[in-house]
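Engineer: Quick one: sequence plus predicted model below, questions after.
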Amino acid sequence: MSSILRTGLAGLVLIGVGSCGDEMVSRNSFESQYAVARNALEGGQYDRARRSYQKLLQQAGPLAPRLQLEYAHTELRAGNFEQAAKIAASLAASQTGLARSAALSVQGTAQHELGMKQLSEGNTAAGQQNLSAANAALQEVLKSNPDLDPLGAMAGRQAKISSRLQRL
């Protein structure tokens, strides 16, 4: 093998190793940013979680649906019910199966909370509309993926919504 060919091969190997290193650094950076977002969510630091998820979504690629779900969950926990419902509904519309059900569970919960808030403020029409949407979302989840409700909390929420709708 000529020295030029060996030098060329060595250069390709170094470029390959260097690019793998860049990918590893990039992946590790993404993973560390995700850890920050997830820990902030779990620790009740919703503003920090929101900012972190927004940044992550810009580079999420195939992980985008998962991150959107967690972002919607962040908004739900922060009490931003309208935003949580909007994010989760958009995600549910683009998903199928278990992923759709997971998004619908966040959407339904957010719309339930939003609907109850609207009713308490005297906005009956909007409250009823959100409760109806929440009821439909949670019914679909319970029918399609009952295993997402192992303790019955979602079924209990759906029953409360249904009861409240009957009284309106």
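Structural biologist: Now that the structure is in, tell me what you want to look at.

Engineer: ok, the closest residue in space to Ala89 that isn't next to it in sequence - contacts?
Structural biologist: Nearest non-adjacent residue to Ala89, counting by CB to CB, 6 or more residues apart in numbering: Gln107, 5.0 Å away. For glycine as for every other residue, the C-beta is placed from the backbone atoms N, C-alpha and C. Contacts for Gln107 (CB atoms under 8 Å, 6 or more residues apart in numbering) come out as Ala72, Ala84, Ala85, Ala88, Ala89, Ala92, Ala133, Ala134, Ala137.

Engineer: repeat for Ala49
Structural biologist: Neighbouring residues of Ala49 by CB under 8 Å, 6+ apart: Ala37, Arg38, Ala40, Leu41, Thr74.

Engineer: Could you tell me the model confidence score at it?
Structural biologist: What the model reports as pLDDT for Ala49 is 94.

Engineer: Return the set of buried residues in the host helix or strand of it.
Structural biologist: If you go by DSSP states H and E, Ala49 is part of helix 46-57. If you call a residue buried by 16 or more other CB atoms under 10 Å, then helix 46-57 has these buried ones: Tyr46, Arg48, Ala49, Arg50, Ser52, Tyr53, Leu56.

Engineer: phi, psi of the residue nearest the centre of the chain?
Structural biologist: With distances taken as CA atoms, centre = their mean, the chain has Leu69 as the residue nearest its mean C-alpha position (0.8 Å). For Leu69, the backbone dihedrals (degrees, to the nearest 10) come out as phi -60, psi -40.

Engineer: That one against Ala88, yeah?
Structural biologist: Yes - counting by CB atoms under 8 Å, Ala88 is a contact partner of Leu69 at 7.3 Å.

Engineer: list the residues that contact both of those two?
Structural biologist: In contact with both Leu69 and Ala88: Ala103, Val106, using CB under 8 Å, 6+ apart.

Engineer: Please give the element, helix or strand, for Gln129.
Structural biologist: Using DSSP H and E, Gln129 falls within helix 124-144.

Engineer: List the buried residues of that helix.
Structural biologist: Buried residues in helix 124-144, defined by neighbour count with 16+ other CB under 10 Å: 127-128, 130-142.

Engineer: what does stretch 160-168 give?
Structural biologist: For stretch 160-168, a neighbour-count test (16+ other CB under 10 Å) marks Ile161, Arg164 as buried.

Engineer: got the CA positions of that stretch in CSV?
Structural biologist: Taking C-alpha atoms only, stretch 160-168 is exported to CSV below (Å, rounded to 0.1, in the frame of the first residue of the first chain):
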residue,chain,number,x,y,z
LYS,A,160,-67.1,13.0,37.4
ILE,A,161,-67.1,14.8,34.0
SER,A,162,-70.1,12.8,32.8
SER,A,163,-72.0,13.5,36.0
ARG,A,164,-71.2,17.2,35.8
LEU,A,165,-72.3,17.4,32.1
GLN,A,166,-75.7,15.8,33.1
ARG,A,167,-76.3,18.6,35.6
LEU,A,168,-75.6,21.4,33.1
